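Q: Here is a sequence with its predicted model. Questions after.
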Amino acid sequence: MSDASTDVNSSNFSERLKEIHEMIALNEWDNFNALWPHITKYHDNQYVREPDPKYQSMKNEAFDALKVLIEKSETYEQFQQYLQSLAIAINDPKTLWETLHSKLNGTLKVTFHQAQIIAATFFQPHELFEYGFSVFHQSSICSFVNITNEEALIDIFYATAGFVRACHLSDNYEAQDPEYESFITQMLTLFTQLPDFDAHRFVWLIEAINQHLHLRPAVFRDICSRVIHDYISNTVDQNLKNRLYKLCVITTSPFLQSLTALRESIDSTFLVVIKEQRKFIRKYIFSGYSTINWLGNMLRSLSPPLRAWRLYLSNMNSKMQENPELPNLLLIDFMDDSLLLFNQIYGDIQPSKNRACDLRLDIFAIVDTVSHLYPVEMSTQVLKRLWYLLFIAAIVGASEFDFDNLKYEKPKVPDTPMLGLDRTTNDFVNYRNALQVYGKQFENEIHDMESMFKYLRANITIPNNNNN
């Protein structure tokens with residue numbers, strides 16, 4: 001048709017509608033395709049508030065006629081030809097989508113490739129996604145019923161990623177469908193509700209969703225924040241250290257590292273874990289010191305609570321090595337708090353001469369263990385607590401002769417537990433030197449050294465010149 005024959009204005013609008021009626025009656029769909037868009041454009045400009053009844057009647061007539069022709073199509077070419085006219089008649093991609101999926105009852109079977117051509121011809125990628133998600137969501141492959149393992153949820157993710165990819169969305173497209181956002185939220189929530197879910201796989205899922213599922217970053221961040229908050233709120237009885245580990249693993253997600261809610265959850269959980277850890281070692285490890293008799297014969301073995309302490313610390317260190325996402329502060333606080341308690345306990349013991357040997361064995365074992373396992377450079381406070389224990393070992397192991405005319409000396413190797421002093425398994429090689437070097441570290445803090453010496457050595461009777 002020429003431009004003149006497709007011109008539509010106020011004087012010929014009714015005539016043009018009559019022409020459309022004749023075209024429909026005569027199945028002149030090429031002419032219909034040429035004229036109807038001009039009629040629609042004129043109508044939509046002139047009848048903004050209320051559609052013209054004659055126009056609407058003709059639109060319905062075209063729809064009904066094309067619907068019958070499409071349903072009777074015997075070839076793909078016929079189907080596509082009439083569908084093209086239907087798309088022009090409807091002039092609304094969403095209505096066309098709904099018509100294709102719920103209002104047509106044709107028997108023609110199309111191949112997968114032909115279906116792809118239809119989709120690409122009549123719909124933009126974002127329209128395929130927005131109109132198709134509800135159908136996809138309601139399919140059996142996206143059912144969240146009876147989810148019992150992570151694999152089932154990951155399968156749903158892969159199915160969703162496949163659907164999204166099939167739509168050929170542009171890289172900068174961002175979904176804004178509340179149903180889609182709710183679907184992603186449910187997927188992540190169910191993952192965190194699985195018993196002892198794998199936090200590493202959860203991080204993988206977060207990154208994969210962020211990379212492939214076209215959610216707006218701010219919206220997805222908000223979804224993750226709510227999911228993590230619900231996980232914290234609904235797992236009251238879960239092992240706290242296990243929960244802390246999962247949260248720490250989740251922080252390895254580049255997308256979630258800046259999430260304030262995650263950091264706050266880690267901080268609050270960490271404080272509770274530390275509190276419970278301190279309570280545990282006092283109740284089940286350090287309480288054992290109350291039953292030890294530091295008088296009597298030498299046992300030549302570590303005290304039972306110290307053996308328990310070393311075993312607990314060794315196991316804890318192994319778990320930290322296996323789970324490097326856990327904060328070193330768990331290990332550091334355990335040792336720092338233990339040293340504080342050791343200072344109090346061993347500073348209040350008055351051993352016999354024989355049991356003083358076992359006390360020194362304990363102290364050297366503590367120093368060796370802490371020196372070996374402390375994960376960062378020791379602070380001055382930590383070193384002072386170790387020096388204090390070693391000073392006690394020197395005091396209870398020295399002879400009376402060693403205490404005569406003490407002159408404190410600066411260490412040869414400062415800022416180390418042993419300060420450069422030589423030792424055996426449970427003895428200093430030179431006790432007088434040990435007294436002088438460790439005493440120097442506390443010269444300005446202990447005003448009455450003599451009373452400290454007398455208190456710790458109250459049950460030790462060592463003849464002069466005897467270092468045992």
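A: Thanks, I have the structure now.
Q: mind listing the strands for this structure?
A: For the chain, no strands are identified by DSSP state E.
Q: For it, give me the ranges with low pLDDT.
A: Along the chain, segments meeting pLDDT under 70 span 1-5, 48, 235-238, 446, 461-468.
Q: out of all of them, which helix in it is the longest?
A: When the chain is parsed with DSSP state H, its longest helix is helix 260-284.
Q: which residues are contacting it?
A: 224-225, 228-229, 232, 240-241, 243-244, 247-248, 250-251, 256, 308-309, 312, 327, 329-330, 333-334, 337-338, 341 (C-beta atoms under 8 Å, 6 or more residues apart in numbering). Using the backbone N, CA and C atoms, a C-beta is placed for each residue, glycine as well.
Q: got a list of what the residue lying closest to K54 once chain neighbours are set aside touches?
A: Spatial nearest neighbour of K54, excluding adjacent residues (C-beta to C-beta, 6 or more residues apart in numbering): L17 at 5.5 Å. Listed by C-beta under 8 Å, 6+ apart, the contact set of L17 reads I39, K54, Y55, M58.
Q: isn't the third one right next to Y47, touching?
A: Just to be clear, that refers to Y55. Yes. With contact defined as C-beta atoms under 8 Å, Y55 counts as touching Y47 (7.2 Å).
Q: Tell me how this structure divides into domains.
A: Using automatic domain parsing, the domain parsing of the chain gives 4-122, 136-258, 285-456.
Q: out of the ones you listed, nearest to L128?
A: When the domains of the chain are compared by C-beta to C-beta, domain 136-258 sits nearest L128, at 4.4 Å.
Q: Y55 and Y47: which has the busier surroundings?
A: Y55 (21 against 14; other C-beta atoms under 10 Å).
Q: So the more buried one versus N91, what's the distance?
A: Distance, Y55 to N91, by C-beta to C-beta, to the nearest Å: 11 Å.
Q: cool, and K410?
A: Taken as C-beta to C-beta, the span from K410 to N91 is 93 Å.
Q: Looking at these two, which one has more neighbours?
A: Higher neighbour count among K410 and N91: N91, with 14 against 10, using other C-beta under 10 Å.
Q: what's next to stretch 78-92, contact-wise?
A: 29, 32-33, 36-37, 40, 59, 62-63, 66-67, 69-70, 73, 93, 96, 99-100, 106, 108, 110, 117-118, 121-122.
Q: And for D427, the neighbour number?
A: Around D427 there are 19 residues (other C-beta under 10 Å).
Q: Would you list the phi and psi of it?
A: phi -150, psi 150 (degrees, to the nearest 10).
Q: number of nearby residues for V437?
A: 26.
Q: likewise N343?
A: Neighbours around N343, by other C-beta under 10 Å: 16.
Q: Now for it: which residues touch it?
A: Here N343 is in contact with R385, Y388, L389 (C-beta under 8 Å, 6+ apart).
Q: List the residues that contact the closest residue to the first one other than its chain neighbours.
A: In space, R385 comes closest to L339 once its chain neighbours are excluded; the distance is 4.0 Å by C-beta to C-beta, 6+ apart. When contacts are counted by C-beta under 8 Å, 6+ apart, L339 is found next to I366, V370, V382, R385, L386, L389.
Q: Dump those to TSV, plus neighbour count and distance to D196.
A: Shown next, in TSV, are the contacts of L339 (neighbours: other C-beta atoms under 10 Å; distance: C-beta to C-beta, whole Å):
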residue	neighbour count	distance to D196
I366	25	35
V370	21	32
V382	19	35
R385	23	37
L386	24	38
L389	26	40
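Q: Among those, which are located in helices?
A: Using DSSP H, these in helices are I366, V370, V382, R385, L386, L389.
Q: from the residues you listed, which is closest to G347?
A: L389 (8.5 Å).
Q: And for the residue lying closest to the closest one once chain neighbours are set aside, the neighbour number?
A: Take L389 and drop its neighbours on the chain: the residue closest to it by C-beta to C-beta, 6+ apart is I363, 4.8 Å away. If you count neighbours by other C-beta under 10 Å, I363 ends up with 24.
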